[in-house]
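[1] What follows is a predicted structure for the sequence shown.
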Amino acid sequence: MSDVPNGIPEDFEVYPSSRAAAEDFTAALTSLRQALKPADAKSHARPGEAYEDFIIRLALNATSSNAVLYRKNDSAEETKIQAWLSLISEKSKIAVLSRVIPRFQGLSLEQLREIALISKEPDRITTLIDHLASVYGVLLVVEPGFKSMKMDGCTFKLSGGTPVVGIAIRYNRYDNFWFTLMHELAHVHKHYDYLDSPILDNLEEDADSDREVEANIIAKDSLISRQYWRMAWNVRAEKRQLLDLCGKAEIHPAIMAGMIRHQSRNYKLYPELHHSMDVKRAFGFAND
C-alpha cells in the first residue's frame, strides 16, 4: 500500500554522497537482501515498485536516519524490525507534509481514557488516524510487520516534536490492537521527553524496565478501571455476568476477554470473542 499523497513525489530519495554514508548504505542493502525476500516486500512496497527498488529505498532511509544502523545488527529479526521502523518513520514524515497537525500539547490520563472509549465502537477504528492527529496532535501509522517479526508497536517523536505511534498488527485481533495502541500512547503521556530515540515494544516479553511496567499499567487502567477489573476477574468464569459487566465498565467484550486470557494464561477462554474483528482488513491490508 502507498501512503504517498498527491503532489509529493514518490522518488524523492537521494543517494549517499559521502564515503561513510555509502558504507552505511551498502551494509544496509546487504542486510536487507538477506532478511527480506520478494514475498516479504510484496505487501509493503508502493504500487508498481519492484523488489530491488523497495530494498534500495529502505537502505536509503537507513542511511539518512541515525536511529537505523543495520550494520550493528546481527540477525534477520533485528533487520526486519529496523526495516519496519524505517517504513513507519517514512510514512510519518509524509503525513506531516500532507496534513495540518496541531502542535502537541501533552496527553493526559483523562485524554487517554477518552481515546480508549472509542474502542467500544469497532466501526470507528478507521477514524483513529484522523482523530488522533486532529484532536491530540499524535500521528498513528498502521503498518503490518514483516513475517515472523517479533514486534507489536513503537513510539518516537519527529524533529518538530510530533509524537508518532506505529502499530504492527502482529496479531490480527481487536484486543491486541487496542492494548498495543494504549501502551504506545502511555509512553507518549509518560515518557515523551525520551522519545528522541524510538521505543520498540514486543509485548509478549515480560516488562523488564520501570518504563515498560508503567506503560502496561497506564494502558490497562485506560481501558478499564481497577475497580471494574477486580470485578471482572472475580466473574471471569461466568460469561453472562462478564458480558453484563463489560457494559457497565464501558469496554468492548473482545478487549475484556483478551485481558482475562492474558492475565490467566488460559487461552482457551472465550474463543468466540477471540477473533471478533479482522483489523488488517479494516485498515485496507490483505490478511496473509
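    Received the coordinates, thanks.
[2] buried set for stretch 37-45?
    Across stretch 37-45, burial judged by 16 or more other Cβ atoms under 10 Å covers 40, 41, 44, 45. Glycine gets a C-beta too; all of them are placed from N, C-alpha and C.
[3] List the residues that contact the closest residue in space to the last one that isn't next to it in sequence.
    Read it as residue 45. Nearest residue to residue 45 in three dimensions, chain neighbours excluded: residue 54, at 4.2 Å (Cβ to Cβ, 6 or more residues apart in numbering). Residues counted as contacts of residue 54 (Cβ atoms under 8 Å, 6 or more residues apart in numbering) are 41, 44, 45, 46.
[4] and the gap between residue 54 and residue 227?
    Distance, residue 54 to residue 227, by Cβ to Cβ, to the nearest Å: 49 Å.
[5] same thing with residue 257?
    19 Å.
[6] How about residue 243?
    Distance of residue 243 to residue 227, given as Cβ to Cβ: 18 Å.
[7] Can I take it that residue 164 is in a strand?
    Yes: according to DSSP: H, G, I helix; E, B strand; the rest coil, the state of residue 164 is that of a strand.
[8] does it have beta-bridge partners, and which?
    Beta-bridge partners recorded for residue 164 (DSSP bridges): residue 139, residue 156.
[9] so which helix or strand takes in residue 200?
    Following DSSP states H and E, one finds residue 200 within strand 199-201.
[10] Below-threshold pLDDT in the stretch 1-150 of the chain: ranges please.
    1-21, 64-74 (pLDDT under 70).
[11] do the stretch 151-288 of the chain as well
    275, 288.
[12] Do a quick rundown of the strands in it.
    Secondary structure of the stretch 151-288 of the chain (DSSP state E, counting those that start in this stretch): strands at 153-157, 163-167, 199-201.
[13] Off-centre distance for the shortest one?
    Its chain's average C-alpha position is 9 Å from that of strand 199-201, according to Cα atoms, centre = their mean, to the nearest Å.
[14] helices or strands next to it in the packing?
    Judged by 3 or more Cβ pairs under 8 Å, 6 or more residues apart in numbering; DSSP states H and E, strand 199-201 is in contact with strand 153-157, helix 174-191, helix 210-223.
[15] so which of these comes closest to residue 118?
    Closest to residue 118 of these, according to Cβ to Cβ: helix 174-191, at 9.0 Å.
[16] higher neighbour count, residue 257 and residue 227?
    Higher neighbour count among residue 257 and residue 227: residue 257, with 27 against 9, using other Cβ atoms under 10 Å.
[17] Who are the contact partners of the more buried one?
    175, 242, 269, 270, 273, 274.
[18] cool, residue 154 as well?
    85, 88, 164, 165, 166, 184, 198, 199, 200, 201.
[19] neighbours around the second one, how many?
    Think residue 88. The burial count for residue 88: 23, using other Cβ under 10 Å.
[20] SS state for it?
    If you use three-state DSSP, then residue 88 falls in the helix class.
[21] which one of the contacts of residue 54 sits closest to residue 189?
    Using Cβ to Cβ, the contacts of residue 54 come closest to residue 189 at residue 44, 29.5 Å.
[22] can I assume the closest one is in contact with residue 146?
    Yes: Residue 44 lies in contact with residue 146 (Cβ atoms under 8 Å); the separation is 7.5 Å.
[23] contacting residues around stretch 227-235?
    220, 224, 241-242, 245-246, 248-249, 251, 256, 259-260, 263.
[24] Let's have those in CSV, adding distance to residue 118.
    Converted to CSV, those look like this (distance: Cβ to Cβ, whole Å):
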residue, distance to residue 118
220, 17
224, 14
241, 25
242, 21
245, 20
246, 15
248, 18
249, 15
251, 12
256, 16
259, 17
260, 21
263, 23
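[25] Show me where this structure has its helices.
    19-35, 38-42, 51-64, 76-98, 109-117, 128-131, 174-191, 210-223, 226-234, 239-249, 253-264, 271-274, 279-282 (DSSP state H).
[26] These: which one's closest to residue 151?
    helix 76-98 (5.2 Å).
[27] would you turn the contacts of residue 257 into CSV with distance to residue 214?
    Listed next are the contacts of residue 257 as CSV, based on distance: Cβ to Cβ, whole Å:
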residue, distance to residue 214
175, 21
242, 28
269, 27
270, 28
273, 28
274, 28
